[in-house]
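Student: Based on what follows, work out the 3D shape:
(chains A, B, C and D)
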Number of protein chains: 2
Amino acid sequence: MTVSKAATDAVKPSRSNGKEPVDGAAENAALQMGELSDLLGYSLKRAQLKVFEDFLRCVAPLQLTPAQFSVLLLLDKNPGRNQTEIANTLGILRPNFVAMLDALESRDLCTRVRSTNDRRSHILMLTDKGRAVLARAKKLVASKHEARLNELLGPANRVALLDMLSKIAGEF
Amino acid sequence: MTVSKAATDAVKPSRSNGKEPVDGAAENAALQMGELSDLLGYSLKRAQLKVFEDFLRCVAPLQLTPAQFSVLLLLDKNPGRNQTEIANTLGILRPNFVAMLDALESRDLCTRVRSTNDRRSHILMLTDKGRAVLARAKKLVASKHEARLNELLGPANRVALLDMLSKIAGEF
DNA sequence: CGATATTTGATATAGTCTATAACAATTATC
DNA sequence: GATAATTGTTATAGACTATATCAAATATCG
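Tutor: Residues are numbered from 1 along each chain as shown, chains lettered A, B, ... in the order given. From the prediction side, this is the model:
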């Protein structure tokens, strides 16, 4: 056995079905992950999927996706910006941001207002309901989602992880 | 200024166009990222996109995606497995795995062989060409891709990062 | 044995996310 | 004032993901 525990079971959550073959007929042994365990990109993607999954679960009462939550956060911190600025900051292409905003606006979470300076652009702002939903979402994220990660990694490690990810996202 | 450097510029790579406004008309200041900088999921996704992007660049001569590379790696380490086993291990749904294998098989990187034990299933195996391509891909990944991450983070940090990501992917 | 259920690979299909081209309205540039 | 650039938008295409369904083969169990 040359593979670490983390390497062998870091794979399928759906395979954790209570009854593992205790000793009997060798069945299908777990597959060898090999170099896959050392591929940063592989673990990155698996971890990202898990984290998003948990985010959706934690914030399910408010029906917000991670992307929608990030938009609300950004609108709150940056009043008076237009669609292009918000979309660019989040790495969303302008054409794809239109439908996203349509969804948020139809739920009365934000509004588009024609700018008086530049009548081409739409100034984006949170509605009162948007601010309220954002406040509740922040609490859920902090108390359920991030708290769970803190519990798993420990506060110091969580910060170290965040720093490294930001470094990769920013300087890679 | 309460935001860290990493927080403010961890955003748009496309915005790094040589000429920043030196001092003149304040223009459009960078947006405040706010709590977004502390959202693990956000940094996770941004980092994952960057890492995949770099992977594709490094391994471009071989025309392999991260997913295809992971399939070849797994086939090499686990000869004699069928489609369902490989797909499950990688978190790929069986229906979606069919087209993936079609692509790899059409490039003569792997083959499907009807199992004699169970004539429903296809045993998957790398071809000689598949093994050769995989060997070259491993070298490119190690010397260009992972080496770059090692340079950015430092070997110790890279291992620590990998451990935490595996932990999240496995136990979250 | 034989009827029923399960598994495997496959197809069809739908939904989401991402990416590019093009357009009208508006503004910037020279 | 003519030309170029920008903004929001639509249309569209591609990649990835997800579910239902099917025929062939196997497993299960009376």
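
Student: any idea of the mean pLDDT for stretch A:110-125?
Tutor: Across stretch A:110-125, pLDDT averages out at 97.

Student: If you count neighbours, what's buried in that stretch?
Tutor: Across stretch A:110-125, burial judged by 16 or more other C-beta atoms under 10 Å in any protein chain shown covers A:110-112, A:121-125. All C-beta atoms are positioned from the backbone trio N, CA, C, and that covers glycine.

Student: same question, stretch A:61-78
Tutor: Residues of stretch A:61-78 classed as buried by neighbour count (16+ other C-beta under 10 Å): A:62, A:64, A:66-76, A:78.

Student: Could you export the buried residues of stretch A:110-125 as a markdown table, including distance to DNA strand C?
Tutor: Converted to a markdown table, the buried residues of stretch A:110-125 look like this (distance: C-beta to the nearest atom of the strand, whole Å):
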| residue | distance to DNA strand C |
| --- | --- |
| A:110 | 17 |
| A:111 | 19 |
| A:112 | 14 |
| A:121 | 8 |
| A:122 | 12 |
| A:123 | 13 |
| A:124 | 17 |
| A:125 | 19 |
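
Student: Now for the residues you listed: which two are most distant?
Tutor: Spatial extent of the buried residues of stretch A:110-125 (C-beta to C-beta) is set by the pair A:110 and A:121 at 14.9 Å.

Student: Look up how far chain B lies from residue A:97.
Tutor: 13 Å (C-beta to the nearest C-beta, to the nearest Å).

Student: quick one, phi/psi of that residue?
Tutor: phi -80, psi -20 (degrees, to the nearest 10).

Student: Kindly report the same for residue A:112.
Tutor: Torsion angles, degrees, to the nearest 10, at residue A:112: phi -100, psi 130.

Student: hmm, stretch A:109-123 in reach of DNA strand D?
Tutor: Yes. Against DNA strand D, stretch A:109-123 shows contacts by C-beta under 7 Å from any atom of the strand at A:112, A:118, A:120-122.

Student: Near DNA strand C, which residues of chain A are found?
Tutor: Within chain A, the residues that sit near DNA strand C (C-beta under 7 Å from any atom of the strand) are A:65, A:67, A:92-93, A:95-96, A:118-120.
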